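*Asks:* Structure of the sequence below:
(4 chains)
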Number of protein chains: 2
Amino acid sequence: MADGPDARARLTAAAGRSFAERGFSATTTRDIAARAGMSPAAVYVHHSSKEELLFLISRDGHDAALRVVTAAAASSEDPGQQLWATVREFALWHAVHHSVARVVQYEGCALSREHRALIASRRRAIEQVLRDVIEFGVQRGDFHCDDVPGTTMAILSLVVDVARWYRDGGPRTPDQIADLYAELALRMVGHQPRTTR
Amino acid sequence: MADGPDARARLTAAAGRSFAERGFSATTTRDIAARAGMSPAAVYVHHSSKEELLFLISRDGHDAALRVVTAAAASSEDPGQQLWATVREFALWHAVHHSVARVVQYEGCALSREHRALIASRRRAIEQVLRDVIEFGVQRGDFHCDDVPGTTMAILSLVVDVARWYRDGGPRTPDQIADLYAELALRMVGHQPRTTR
DNA sequence: GTCTATAAGATGATAGAC
DNA sequence: GTCTATCATCTTATAGAC
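*Replies:* Presented below is the predicted three-dimensional model:
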């Protein structure tokens, strides 16, 4: 009968928000502790270092994003629908979880060597999902795109950058952004549907 | 008969590289001084603070980027050519000057309130150049794009993100990236040329 | 598991000699 | 204008009481 998140989860949440707002290096363990309603020393009861907090946030964020794009890519047999859903869900995730997404996309360089390697494999997996969708559409003749790796990278760029500029209360809702970006991705791959949309 | 950059310029160059590699907060004044071949104290003979170095790099970088896109947008009477040139030159600038571009795009939150305001007006000017090109193309009937502000933002995103992932010695040259991104931007705005390209 | 107190070192910036 | 030396403060992380 827990009436709130436990201390460990409160600390990762507090660290995530702080890292997103100011960056890993500009965040102090005192910031994190204060935000979680604890003393600075309490941080180290639950986590071995500030860098470990960054790793946990980054790892769980990547895992969540990978689940989202994997499910979206498998949601249809049609390449256009697959790309539309994948980009839509990925962009939506970046907008809704913009705080975690910022840490995921921009604070990776503060990770230790070992942790960075663990994160890198997850990043490759996410990229692979998108690349496979685009490759499939090109092979099927639904997409017309000369440079699949380059276009994959460009669409990833488009979505990732949402984490940089998105603000709560901005002029667009996450759903509107997701819809727009999914349509733009279809244009980028030269989507020619067999039936009129 | 100068045989190298003066101390002041050496310091901004050293600071720019350090900020790009590790971020503003993770860079120490000792890092900057060592990179410029000076003692930590020498930094303060030429600059009043670490934040001032960030501001100078950010301001000059924004000014350079604004000049590049302004010239590109004015390089033709044809909307498609204008957009192609603007995105091409903007992407090229981000790849070639990726170190400065990283600072420009990702370290703005470390600026003082006053400095941030000075930078914000330059950012709006850059965005306006791109938006005007797209608006012009839509009015002319060369572009088919329902959401001009959204598409403007998306194309900016695409280009800005080059600063995040670009590495010297990567699989693509800056020119190849620029060509690809210019074509993708034309697809994003629904460019329908009057004469076959 | 939480706290207060503090160790050990790093950091931005300055003083003053040359 | 550059240096060595240093100040005052902040930072990560730990020690030990409760």
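*Asks:* Name the next helix or strand following the longest helix along chain A along the chain.
*Replies:* Criterion DSSP state H: the longest helix present in chain A is helix A:113-140. Next helix or strand after helix A:113-140 toward the C-terminus (DSSP states H and E): helix A:148-160.
*Asks:* just to revisit the earlier point, show me what the longest helix of chain A is packed against.
*Replies:* helix A:50-73, helix A:79-96, helix A:148-160 (3 or more CB pairs under 8 Å, 6 or more residues apart in numbering or on different chains; DSSP states H and E). C-beta here means a position set from N, CA and C on the backbone, and glycine is covered the same way.
*Asks:* Could you dump those into TSV with distance to B:Ala20 added?
*Replies:* Below are the helices and strands packed on helix A:113-140 laid out as TSV (distance: least, CB to CB, whole Å):
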stretch	distance to B:Ala20
helix A:50-73	20
helix A:79-96	23
helix A:148-160	18
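*Asks:* care to break chain A down by domain?
*Replies:* Here the domain parsing of chain A from automatic domain parsing is A:1-47, A:49-196.
*Asks:* taking those domains together, which one is wrapped up most tightly?
*Replies:* Mean neighbour count (mean count of other CB atoms under 10 Å in any protein chain shown) peaks for domain A:49-196 among the domains of chain A, with a mean of 19.
*Asks:* How about that one and DNA strand C, any contact?
*Replies:* No. Judged by CB under 7 Å from any atom of the strand, domain A:49-196 makes no contact with DNA strand C; its nearest approach is 12.9 Å.
*Asks:* Which of the domains of chain A comes out lowest on mean pLDDT?
*Replies:* Lowest mean pLDDT of the domains of chain A: domain A:1-47, a mean of 93.
*Asks:* Return the distance of that domain from the chain's centre.
*Replies:* 21 Å (CA atoms, centre = their mean, to the nearest Å).
*Asks:* what's the answer for stretch A:110-120, then?
*Replies:* Per CA atoms, centre = their mean, the centroid offset for stretch A:110-120 relative to its chain is 16 Å.
*Asks:* now stretch A:74-87
*Replies:* 18 Å.
*Asks:* What of stretch A:104-115?
*Replies:* 14 Å.
*Asks:* need the contact list for the nearest residue to A:Lys50 once chain neighbours are set aside.
*Replies:* Nearest residue to A:Lys50 in three dimensions, chain neighbours excluded: A:Thr29, at 5.6 Å (CB to CB, 6 or more residues apart in numbering or on different chains). Residues near A:Thr29 by CB atoms under 8 Å, 6 or more residues apart in numbering or on different chains: A:Pro40, A:Val43, A:Lys50.
*Asks:* again with A:Leu56
*Replies:* By CB under 8 Å, 6+ apart, the residues touching A:Leu56 are A:Thr12, A:His47.
*Asks:* Apply 10 Å and report the result again.
*Replies:* A:Leu56 makes contacts with A:Arg8, A:Leu11, A:Thr12, A:Ala15, A:Gly16, A:His47, A:His115, as judged by CB atoms under 10 Å, 6 or more residues apart in numbering or on different chains.
*Asks:* Kindly report the same for A:Asp63.
*Replies:* Per CB under 10 Å, 6+ apart, neighbours of A:Asp63: A:Arg122, A:Ala125.
*Asks:* rerun that using 7 Å as the cut-off
*Replies:* When contacts are counted by CB atoms under 7 Å, 6 or more residues apart in numbering or on different chains, A:Asp63 touches A:Arg122.
*Asks:* That's all I had, so thanks and see you.
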